[in-house]
Every structure is written in structure tokens, then in C-alpha cells.
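**Student:** I need the structure of the sequence given here:
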Amino acid sequence: MPQIPLKNIALGLSAIAALALFAAPLSASAEEPEKPKKEFSAEGDPRLGEEVTNLCFTRSISGFKRYGKDALILRRSVKDRYLVTFSGICSNLRSVQAVKLASRSSCLSRGDVILVSDSAFFTDNTGFGIERCMIKRIYQWNEDAIEEAADEESDTESSEE
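**Tutor:** Numbers count the residues shown, from 1 in each chain. Sure, this is the predicted structure:
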């Protein structure tokens, strides 16, 4: 019977111990239920208006900006803005440079798609490329609501004095 040197046995035992240490957290995490993705919410933001079913005259959209990590604000005129939220993950929003609206009609509505690019020229060679983000909800957006709320608050404070 061949003799196994003690050095080899010690290496084998340490390898088993290391494997047990790394495998234990993996098995524990597999038992935990997967956390659902937190739904986007702008609740409490005074700029958030009523939900609208569609946004017509999409050819007159003149600009956009990102709201948080999960939404866009589309500008149709100086005072006419809309907050758009998306179904699922739209990862290009973190570095959005350009958007294109892809609607079935002249109105943008739930289920339509906004193409989001991390390139201002809509090229597909900048990293993430072009992503299709499906619209979940559209809300009216009032940029001036924070200033209006602050003005109303200062008016009530001065009338109480």
C-alpha cells in the first residue's frame, strides 16, 4: 500500500475547508427569496401631475432630461413637460445622450417604445448602444411647482405674523 505524505493530506484538507467556506454563503443566498425590483415612484414630488393616457404631437418634442435612474422628462414646449416611466430596466438612461420616439401613431402612449442611446448620433459603437425602453406611465410635469409651493409657504408664514 502506497504511503501518502502528510503534506498532501494537509493540502487536501485545507482545500476542502476553503471550499466549504465559499460554498456556505452561496447555498444560504440560494434559499433567500429574490427581492422584487423596487417600482419607480416620484410620489411626494410637487412637480408630479396627473397621469395621462397619451402624449400627442410627438413631433413637437423639443428636448429631454433624465429624472433619477428610471425616468425621462420630455419637453414639448416652454411650459409643457411630461414624466415618462418605463417597464423593466432601461440601463442606457444612466448615460442617455439622445432619444427617439417610436410610437404606433402620432401619440405616445403606454406600451410604445422610446429608443435611448448613449451616443448623441445614435451610433451603436459607444458601449451600451441603442436600447428599446417600453413606456409604462406618462404624467404631466410642472417644473415650476417647487417654486410655487415655496411661494405659497412664505405667503402663509407672512399672513400668520
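**Student:** isn't there a helix covering Ile146?
**Tutor:** Yes. Under DSSP: H, G, I helix; E, B strand; the rest coil, Ile146 falls within a helix.
**Student:** in this structure it contacts Pro46, no?
**Tutor:** Yes. Contact criterion Cβ atoms under 8 Å: Ile146 and Pro46 qualify, at 5.7 Å. All C-beta spots, glycine's among them, are computed from the backbone N, C-alpha and C.
**Student:** so who does the closest residue to Arg59 other than its chain neighbours touch?
**Tutor:** Counting by Cβ to Cβ, 6 or more residues apart in numbering, Ser106 is the residue found nearest to Arg59 once chain neighbours are left out, at 7.2 Å. Shown in contact with Ser106 (Cβ atoms under 8 Å, 6 or more residues apart in numbering): 56-59.
**Student:** relative to Arg81, how far out is Ser106?
**Tutor:** Noted for Ser106: a distance of 19 Å to Arg81, by Cβ to Cβ, to the nearest Å.
**Student:** buried only: go through the contacts of Ser106 for me.
**Tutor:** For the contacts of Ser106, a burial check counting by 16 or more other Cβ atoms under 10 Å picks out Thr58.
**Student:** strands along this structure, start to end?
**Tutor:** 48-52, 54-55, 63-67, 71-75, 81-86, 98-102, 108-109, 113-117, 130-141 (DSSP state E).
**Student:** please tabulate these in TSV, including the columns distance to Asn92 and mean neighbour count.
**Tutor:** Below are those laid out as TSV (distance: least, Cβ to Cβ, whole Å; neighbours: other Cβ atoms under 10 Å):
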stretch	distance to Asn92	mean neighbour count
strand 48-52	23	13
strand 54-55	20	19
strand 63-67	10	14
strand 71-75	11	20
strand 81-86	11	22
strand 98-102	9	16
strand 108-109	18	20
strand 113-117	4	21
strand 130-141	4	18
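**Student:** ok, of these, where does mean pLDDT dip lowest?
**Tutor:** Mean pLDDT per stretch puts strand 98-102 lowest among the strands of the chain, at a mean of 89.
**Student:** quick one: strands adjacent to that strand?
**Tutor:** With DSSP bridges as the test, strand 98-102 is paired with strand 113-117 (antiparallel).
**Student:** residues making contact with the partner strand?
**Tutor:** Contacts of strand 113-117 (Cβ under 8 Å, 6+ apart): 72, 84, 86, 90, 92-93, 96-103, 108, 122-123, 126, 129-135.
**Student:** kindly export that strand (C-alpha atoms) in PDB.
**Tutor:** C-alpha atoms of strand 113-117 as PDB (Å, rounded to 0.1, in the frame of the first residue of the first chain):
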ATOM      1  CA  VAL A 113     -41.100  52.500 -27.100                       C
ATOM      2  CA  ILE A 114     -38.500  55.200 -26.700                       C
ATOM      3  CA  LEU A 115     -35.200  54.400 -28.200                       C
ATOM      4  CA  VAL A 116     -32.400  55.500 -25.900                       C
ATOM      5  CA  SER A 117     -28.800  55.900 -27.000                       C
END
